[in-house]
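>>> Give me coordinates for this.
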Amino acid sequence: MHVKDFKAGYYAPQGHYQAFVPHSINHDWTLADAELESALALANRKLGALDAFAGLVPSIDSFINLHIAKEATTSSKIEGTKTNIEEAFLPVTEVKPELRDDWKEVRNYIDAMNFAIGSLGELPLSSRLIRNTHKILLDGVRGNFKQPGEFRRSQNWIGGATIQQARFVPPPFNVVGDLIGDIEKFIHNRSIHVSELIRIGITHYQFETIHPFLDGNGRTGRLLITLQMIDAGYLRYPVLYLSDFIERNRSEYYDRLNRVRTENDLRGWLLYFLRGIAEVSEDGVKTLSSVVRLKEKVNDKLAQTGRRYANAQRLVARLYENPVIDVNATADLLQLKFKAAGNLITELEQLGIIQEVTGQQRNRIFAFRPYLNLFR
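Below is the predicted model:
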């Protein structure tokens, strides 16, 4: 099917409202569109450069947590949470009570992403993996009572206080299973010869249109983009965070998705999606380049720590994975007495590597601010 000939679906009367039922996507796709092919080539080139650069960065695994946390905080921000990337690494006791629900949502996203990526070697990218990931995403947060890990068994809608006022009504719950099955077949159908980025873009549109869960569809759908890229071999590491682009272009994001349903404009959605891939891939290379430069500067500063150098190196290596630390955790990590750990923390603070963030005299917490700032 040519992208321009795509018919998104039809409206099915459901008594006092109509639900949108999307057509199958599991079939061949043809572009034959100079602008779309140019956007695809650019996105492929930028994404390839990001993956190649990530593969050359020493100890890249150390920096993955921050990339996932960046995606988690931004994806959750789209849904209205207010946790920033630094707060995401704080212990819950240091988070203001009124912000703890938001903090938990972000931590769940991080846990869900890590679980899903770790599961790819054992499970195919499937409805089962999506449901298991969704269950972690909604554990103990808003939406916890809306069937976490299960496709919906009732009608939902988007926008409006009532279903009659809704901006969009997804398909009836009794066809969700078949529609998700169609997505699953499309993802793995190797007889369909289409660029993986086009496959991922179409999958995201279809998933958001199906809206298979009662809550958490947006976060799950954005997480699925990263999973597909890793599963398809486009990325070896989760270093691309499309939510950053979506958050900056949020109105256009919703408009592009809706125009597919109302005007069959799949082409417009794919142009938006590919533009996002190209932009965040380029940003990702810049971020990783900045991380490498920062690491060199920090190493130069560590040379000033004298006899504490070996412990300072070990502590900073841990900070690249988790950029928040206190004296007790430092003592445990390095097997030091409390006073020695405190002296090391003080020295790193004086060197400008870490900064105290609580403003307290006791139970102080320190953040690797220069590193965190690269992901803000």
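>>> From what I see, F186 and I25 are in contact.
Yes. In this structure, F186 is within contact of I25 by CB atoms under 8 Å, at 5.1 Å. For every residue, glycine as well, the C-beta is placed using N, CA and C.
>>> list the residues that contact both of the two?
With contacts defined as CB atoms under 8 Å, 6 or more residues apart in numbering, the residues shared by F186 and I25 are I202, T203, Q206.
>>> Which one of F186 and I25 is surrounded by more residues?
The residue with more neighbours, out of F186 and I25, is I25; 24 against 19, by other CB atoms under 10 Å.
>>> shouldn't the more buried one be in contact with Q206?
Yes. Between I25 and Q206 there is a contact under CB under 8 Å: 5.2 Å.
>>> Give the residues shared as contacts by those two.
D182, I183, F186.
>>> Can you tell me which of those is nearest V357?
I183 (42.5 Å; CB to CB).
>>> Pull up the gap between the residue positioned nearest the centre of the chain and I117, please.
The chain has E71 as the residue nearest its centroid, 3.7 Å off, counting by CA atoms, centre = their mean. E71 is 11 Å from I117, where distance means CB to CB, to the nearest Å.
>>> anything in contact with each of these two?
T226, P238.
>>> ok, which stretches of the stretch 51-200 of the chain are strands?
With DSSP state E, counting those that start in this stretch as the criterion, the stretch 51-200 of the chain has no strands.
>>> which sections of it are below the confidence cut-off?
Nowhere does the stretch 51-200 of the chain drop to pLDDT under 70.
>>> For F20, name its beta-bridge partners.
For F20, the beta-bridge partners under DSSP bridges are Y11.
>>> Report the contact partners of it.
So F20 contacts A8, G9, Y10, Y11, A12, F168, V169, P170, P171, T209, R261 (CB under 8 Å, 6+ apart).
>>> Distance check, it against I325.
Distance of F20 to I325, given as CB to CB: 50 Å.
>>> what's the answer for L315, then?
Distance, L315 to I325, by CB to CB: 7 Å.
>>> between these two, which one's more packed in?
For L315 versus I325, the count of surrounding residues by other CB under 10 Å is larger for L315: 25 against 22.
>>> Now do that one, the pLDDT please.
For L315, the pLDDT comes out at 97.
>>> got a list of what it touches?
I325, T330, L333, L334, L344, L348.
>>> of those residues, buried ones?
Buried subset of those (neighbour count, 16 or more other CB atoms under 10 Å): I325, T330, L334, L344, L348.
>>> The last one is in what secondary structure piece?
It refers to L348. Taking DSSP states H and E as the definition, L348 sits inside helix 338-350.
>>> what does the first one give?
Assigning secondary structure by DSSP H and E places I325 in strand 324-326.
>>> again, but for the second one
With the criterion set as DSSP H and E, the secondary-structure element containing T330 is helix 327-334.
>>> between that helix and helix 338-350, how many degrees?
For helix 327-334 against helix 338-350, the angle by axes from the mean of the first three to the mean of the last three CA atoms, to 10 degrees is 100 degrees.
>>> hmm, who's touching helix 327-334?
Helix 327-334 is contacted by residues 311, 314-315, 318, 336-338, 340-342, 344-345, 364 when judged by CB under 8 Å, 6+ apart.
>>> By neighbours, which of those wins?
L315 (25 neighbours).
>>> what helix or strand does that one sit in?
L315 belongs to helix 309-321, assigned by DSSP H and E.
>>> Could you name the helices and strands sitting against whichever helix in the chain runs longest?
Counting residues, the longest helix in the chain under DSSP state H turns out to be helix 266-302. When contacts are defined as 3 or more CB pairs under 8 Å, 6 or more residues apart in numbering; DSSP states H and E, helix 266-302 packs onto helix 34-56, helix 196-210, helix 243-248, helix 250-263, helix 309-321, helix 369-372.
>>> repeat that with 7 Å
Here helix 266-302 is seen to pack against helix 34-56, helix 196-210, helix 243-248, helix 250-263, helix 309-321 when contacts are counted using 3 or more CB pairs under 7 Å, 6 or more residues apart in numbering; DSSP states H and E.
>>> now the shortest one: how far from the chain's centre is it?
What that stands for is helix 243-248. Per CA atoms, centre = their mean, to the nearest Å, the displacement of helix 243-248 from the mean C-alpha position of its chain is 10 Å.
>>> tell me what that helix is packed against?
Contacts defined by 3+ CB pairs under 7 Å, 6+ apart place helix 243-248 against helix 64-78, helix 266-302.
>>> Quick one, which of the ones you listed gets closest to G218.
Comparing these by CB to CB, helix 64-78 comes nearest, at 6.3 Å.
>>> Can you report how many residues lie near the nearest residue to Y109 once chain neighbours are set aside?
Spatial nearest neighbour of Y109, chain neighbours left out: A72 (3.7 Å); criterion: CB to CB, 6 or more residues apart in numbering. Other residues near A72 come to 27 when the count uses other CB under 10 Å.
>>> List the contacts of A72.
Neighbouring residues of A72 by CB atoms under 7 Å, 6 or more residues apart in numbering: A88, V106, Y109, I110, M113.
>>> show me what contacts H27?
Contacts of H27 (CB under 7 Å, 6+ apart): M1.
>>> one more time with 10 Å, if that's ok
H27 is in contact with M1, D182, K185, F186, N189, S191, I192, V194, counting by CB atoms under 10 Å, 6 or more residues apart in numbering.
>>> Over to G121?
Neighbour list for G121: empty [criterion: CB under 10 Å, 6+ apart].
>>> oh, and call the first residue 22 from now on, that's how I've got it
In the new count, where the first residue is 22, that last one comes out as G142.
>>> quick one, phi/psi of A388?
phi -120, psi 150 (degrees, to the nearest 10).
>>> rewinding a little: so the residue nearest to the centre of the chain sits against Y262, correct?
Yes. Between E92 and Y262 there is a contact under CB atoms under 10 Å: 3.8 Å.
>>> what touches both of the two?
Shared contacts of E92 and Y262 (CB under 10 Å, 6+ apart): R243, I246, T247, V301, F396.
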